[in-house]
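A.B. asks: The sequence and its predicted three-dimensional model are supplied below.
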Amino acid sequence: MIGKDKLLKQVEKLIQQEERLVPLLNRHVSSALFFSGLEQKERDGILDRFQEMAVKQREHVDILKGIKKEVSEGAGNVY
C-alpha cells in the first residue's frame with residue numbers, strides 16, 4: 001500500500017516526465033531525419049507516426065492529471 005502524499009508525488013513525477021518526453025524526442029527525431037538521407041515520403045511517414053505518438057502522450061498526461069485530481073480530492077489516505 002502507498003500513502004496519499006507519496007502517490008501524489010509519484011503521479012506528479014510521471015506527469016512531468018510525460019510532458020518533457022515529446023519535445024525532447026521531437027528535437028532528436030527532427031535532426032536525425034534531416035541528416036538521414038531518406039526520401040521525403042519516408043520522412044513524412046515517420047513524422048506522421050511521431051504525431052500520433054504525441055497525441056497519445058497528451059492523452060496519458062490528461063489521464064494522469066485526472067488520477068491526481070481524484071486522489072487529491074479523495075478522503076482515503078491509503079491506496
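C.D. replies: Sure thing, it's come through.
A.B. asks: for this structure, what spans make up the strands?
C.D. replies: Using DSSP state E, the chain contains no strands.
A.B. asks: most residues in a single helix of it, which one?
C.D. replies: Looking across the chain with DSSP state H, the single longest helix is helix 40-73.
A.B. asks: Centre of the chain to that helix, how far?
C.D. replies: Relative to the chain's own centre, helix 40-73 is displaced by 6 Å; criterion: C-alpha atoms, centre = their mean, to the nearest Å.
A.B. asks: same for that helix, what does it pack against?
C.D. replies: helix 4-34 (3 or more C-beta pairs under 8 Å, 6 or more residues apart in numbering; DSSP states H and E). Where C-beta positions appear, they are placed from N, C-alpha and C, glycine not excepted.
A.B. asks: quick revisit: buried residues, the longest helix of the chain. List them.
C.D. replies: 43, 61, 64, 68, 71 (16 or more other C-beta atoms under 10 Å).
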